[in-house]
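Student: need a structure here:
(one chain, ligands or ions: 2)
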Amino acid sequence: MFRIGQGFDVHQLVEGRPCIIGGVRIPYQYGLFGHSDADVLLHTVADACLGAIAEGDIGKHFPDTDPKYKDADSQVLLQEVWNMVQQRGYQLANIDCTIIAQAPKMAPYISDIRSNVARLLQSNTDQVNVKATTTETLGFTGRKEGIAAQVTVLLTK
Ligand SMILES: Nc1ccn([C@@H]2O[C@H](COP(=O)(O)O)[C@@H](O)[C@H]2O)c(=O)n1
Ligand SMILES: C[C@@]1(CO)OP(=O)(O)OP(=O)(O)OC[C@H]1O
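Tutor: Ligands and ions are numbered 1, 2, ... in the order given. Prediction:
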């Protein structure tokens, strides 16, 4: 039996915040703004997984009004989501992730992010793809006002 899920998330780029994407800290003069650590990629992975098991979204499970999640490590949030997936008897078939960012250049960090996503989903790296694209300077990502991510996940049992 297969279940498919998709996720999409956006976080604003601001001064004075770390830029954490896929659990990897990226050196950059701007960072991602949010209630948690604002890891746009891990939020999107979590949303895709929750979608696949028909469990809503991360805002439902980890409300941004709860002080418990202030500056929360999104790796921990994703691990909780992955526990829910496993409790339902599913494992990862594969996951495909796209980071939409004019900057920073993601290429040097893609391998570390891929390994980390595989680790968090207790899977192998050959089940995980991570890629990046600019929007050719167009729109809010093109103006470097924020970073978006898009994820499709396939679960199997
Ligand atoms: N933030 C980014 C965006 C893109 N890349 C890499 O550059 C390639 C070309 O980007 P286009 O938007 O022109 O398609 C892309 O395929 C990525 O490999 C990147 O490293 N960081
Ligand atoms: C992750 C949570 C946790 O409070 O906060 P944010 O970092 O603001 O992220 P967002 O994707 O806007 O919403 C989900 C929230 O639940």
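Student: quick one: the biggest strand by length in the chain near ligand 2?
Tutor: Determined from DSSP state E, the single longest strand within the chain is strand 2-14. Yes. Residues of strand 2-14 are located near ligand 2 by CB under 6 Å from any ligand atom, namely residue 9. In this view, the C-beta of every residue, glycine as well, is placed from N, C-alpha and C.
Student: sheet partners, orientation included, of the helix or strand following that strand?
Tutor: Scanning forward in sequence from strand 2-14 by DSSP states H and E, the next helix or strand is strand 20-21. Strand pairing for strand 20-21, determined by DSSP bridges: strand 24-25 (antiparallel).
Student: so in that sheet, which strands flank the next helix-or-strand element following the strand it pairs with, and in what orientation?
Tutor: Next helix or strand after strand 24-25 toward the C-terminus (DSSP H and E): strand 31-32. Applying DSSP bridges to the sheet, strand 31-32 is found paired with strand 2-14 (antiparallel).
Student: tell me how far the nearest residue to residue 57 once chain neighbours are set aside lies from residue 12.
Tutor: Distances taken as CB to CB, 6 or more residues apart in numbering place residue 47 nearest to residue 57, at 5.1 Å, with adjacent residues excluded. For residue 47, the distance to residue 12 equals 18 Å [CB to CB, to the nearest Å].
Student: the more surrounded of these two?
Tutor: residue 47 (24 against 16; other CB atoms under 10 Å).
Student: just say helix, strand or coil for that one.
Tutor: Following DSSP: H, G, I helix; E, B strand; the rest coil, residue 47 is assigned to helix.
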